[in-house]
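Participant: Return atomic coordinates for the entry below.
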Amino acid sequence: MKKTKLVSVLFVVMLVSSMLLGACAPKADEDVIKIGYVGALSGETAVWGQAGLNGMLLTAKEINEAGGILGKKVEVVGLDGRGDPTDSVNAFRRLVTEEKVLAVIGTNFSSCNIAMAPIADELKVPLIATAASNPKVTVDENGNLHPYSFRIGFIDPFQGQVLANLASNELGAKTAGVIYDIGSDYSTGLAQYFEEQFVKNGGTVVAKVEAHSGDNDFRSQLSVIAEAKPDVIMVPWIYKDVALIANQARELGITAPMLGGDGWDSPELITMAGPAIEGSFYTSQPSFANPVTKPYYDAYMAEYDNLVPETEALFGHDGLYWIKDALERAGEVSPEALRAALENTTQFDGLMGSMAVDPATHNPAKPASVYTFTNGERVWYGDFK
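Facilitator: Numbering: from 1, shown residues only. Next comes the predicted model:
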C-alpha cells in the first residue's frame, strides 16, 4: 500500500514538473521562423558567403524590428558549404533535419545547387539559389522541374546572350577567343551560351582553350588566343582566376577587351587585376551601384565595422524579403505553402530590382547589368534584357 502511494506521488510530481518545464520552454516552432543559409563561409570564396550571411542577419534584424513575418520572429542559421557540392548537401540536410528550417537560401555556385536540388525535393523544403546561374539549378537534365528549387538571379543562357550581343552590337567584335574552366559547370555553360549567340550574330570564335581553376599559370592557353588575335576574349571564371588570366594576357601582349559573367563581381578584382582589367566588361545582377541600395549599404557598413559589402549581401536581403512576401501572400507558415507562393510570384520588388517567376522553370524574369572598368574604377555601363 505504501509502495503504491509512493509511486502515485512520484508520478504526480513528474507530471507537474513536465508541465512546468513545458510552460517555461521557448516556443521556437510556434513563434520563430527559421531560415537557413548555405554559403562558402571559409576558403578562397568566403568573401561571398560571409557577405550573404551578413546580409541575411542584417535583414532579419530589420524585419523583426518591423514586427516579423505574420507576427513571428525570423531567425537565420548559417552553415558552411565551402563552395563544394558535397559539403553544401551535408549543410542543407543538417539545416533541415537538425535545425528544422522552413527554407534555405544559397548558394552562389551552380555545382552546389545542382547537387542540392534533388535533396530539396526529397525533404520538401524550398531552396533559393542566389547567383547560381546554370539552368540545371531548377530543372534536371531532362528538363523536369525541381519543384522545391528556386533562384533570385538570372540564368547563364541569358547572361551569355547579353555578353555576345554586347560584343557584337556595342563593341563591334567580329572574332572572339574563349578560355574556360573545364571543371566548372558555370564556366563551361556560360562559354557555350556566349559562343552560340556570338556565332548566331555572325561572329566567329577563332580560339577556344580550356584550363582548370587553381592552375595559376595560363600562359600556354593564352598564347593560342594571342596567335588568333581575336577582337574580344570571353573569360567566364571567378574573379581570382580572372585577375591571373588578365595579367598574364597583358604580359603576352594581348590587348583585346575581356568579357565575363557575374563570377567577376567582387571589389577585389580591381585590386588584384589592376590596369590589366581596364576596358573589360562583365554582366552581373543589379548591385550596390544602384542608388536605391544606399541606405542598406550604409546600414551594412555600420553593422559590420565598415566592411564593404559584396553583392551577395543583396541576395541575402532580397531572398529573405521574397520569403516574407511569399508567406504573407500565402497567409500561413509551411514549406508547401511557401513553395506554392514562390512559384506563383508575379511581381516581387527588391533592392536588386523587380522580378516575376516562370512557374514552368522557376527562373526569374529580370534584366542584367553590365559593368566596365575605367581609370581603376568599376562603372555601370547599362541594363540589358
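Participant: need the contact list for Asp87.
Facilitator: Counting by C-beta atoms under 8 Å, 6 or more residues apart in numbering, Asp87 touches 80-81. For glycine as for every other residue, the C-beta is placed from the backbone atoms N, C-alpha and C.
Participant: Look up how far Phe109 lies from it.
Facilitator: 11 Å (C-beta to C-beta, to the nearest Å).
Participant: Check Glu44 too.
Facilitator: In terms of C-beta to C-beta, Glu44 sits 12 Å off from Phe109.
Participant: buried set for stretch 331-349?
Facilitator: Across stretch 331-349, burial judged by 16 or more other C-beta atoms under 10 Å covers 333, 335, 337-343, 345, 348.
Participant: Same check on stretch 366-374?
Facilitator: For stretch 366-374, by 16+ other C-beta under 10 Å, it's 366-373.
Participant: Can you give the contact residues for it?
Facilitator: Under the criterion C-beta under 8 Å, 6+ apart, residues 154, 158-159, 162, 166, 270, 277-287, 289, 352-355, 378-385 lie in contact with stretch 366-374.
Participant: Just the ones of those residues in strands?
Facilitator: Those of these mapping onto strands are 281-284, 353-355, 378-384, per DSSP state E.
Participant: Write the ChimeraX selection for whichever of these are buried.
Facilitator: The ChimeraX selection below is limited to those of those classed as buried (16+ other C-beta under 10 Å):
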select :281,282,283,284,353,355,378,381,384
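Participant: follow-up on the earlier one: when Glu44 and Phe109 are compared, which one has more neighbours?
Facilitator: Higher neighbour count among Glu44 and Phe109: Phe109, with 33 against 13, using other C-beta atoms under 10 Å.
Participant: Return the residues in contact with Val333.
Facilitator: 33, 69-70, 72, 102, 327.
Participant: same thing but 7 Å
Facilitator: 33, 70, 72, 102, 327 (C-beta atoms under 7 Å, 6 or more residues apart in numbering).
Participant: Over to Ile179?
Facilitator: Here Ile179 is in contact with 209, 211, 218, 221-222, 225, 233, 235, 245 (criterion: C-beta under 7 Å, 6+ apart).
Participant: again with Arg151
Facilitator: Contacts of Arg151 (C-beta under 7 Å, 6+ apart): 128-129, 132, 137-138, 362-364.
Participant: next one: His212
Facilitator: With C-beta under 7 Å, 6+ apart, His212 has these contacts: 181-183.
Participant: per-domain residue ranges of this protein.
Facilitator: Listed by automatic domain parsing, the domain ranges of the chain are 30-154+290-366, 157-284.
Participant: Same list, those domains, but as JSON lines with mean pLDDT please.
Facilitator: Below are the domains of the chain laid out as JSON lines (pLDDT from 0 to 100):
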{"stretch": "domain 30-154+290-366", "mean pLDDT": "96"}
{"stretch": "domain 157-284", "mean pLDDT": "96"}
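Participant: returning to what we had before: quick one: which of the contacts of His212 has the most company?
Facilitator: Asp181 (23 neighbours).
Participant: how far away is the nearest residue to that residue once chain neighbours are set aside from Ser111?
Facilitator: Excluding the flanking residues, the one nearest Asp181 by C-beta to C-beta, 6 or more residues apart in numbering is Ser187, at 3.8 Å. Look at Ser187 and Ser111: by C-beta to C-beta, they are 10 Å apart.
Participant: Among the two, which residue is more densely surrounded?
Facilitator: A count of neighbours by other C-beta under 10 Å puts Ser187 above the other of Ser187 and Ser111, at 28 against 20.
Participant: does that one count as helix, strand or coil?
Facilitator: helix (DSSP: H, G, I helix; E, B strand; the rest coil).
Participant: give me every residue that touches it.
Facilitator: Here Ser187 is in contact with 180-181, 236-237 (C-beta under 7 Å, 6+ apart).
Participant: Let me know the closest of the residues you listed to Gly55.
Facilitator: Closest approach between those and Gly55, by C-beta to C-beta: Trp237, at 24.0 Å.
Participant: does the closest one sit in a helix or strand, and which one?
Facilitator: Using DSSP states H and E, no element contains Trp237; it sits outside every helix and strand.
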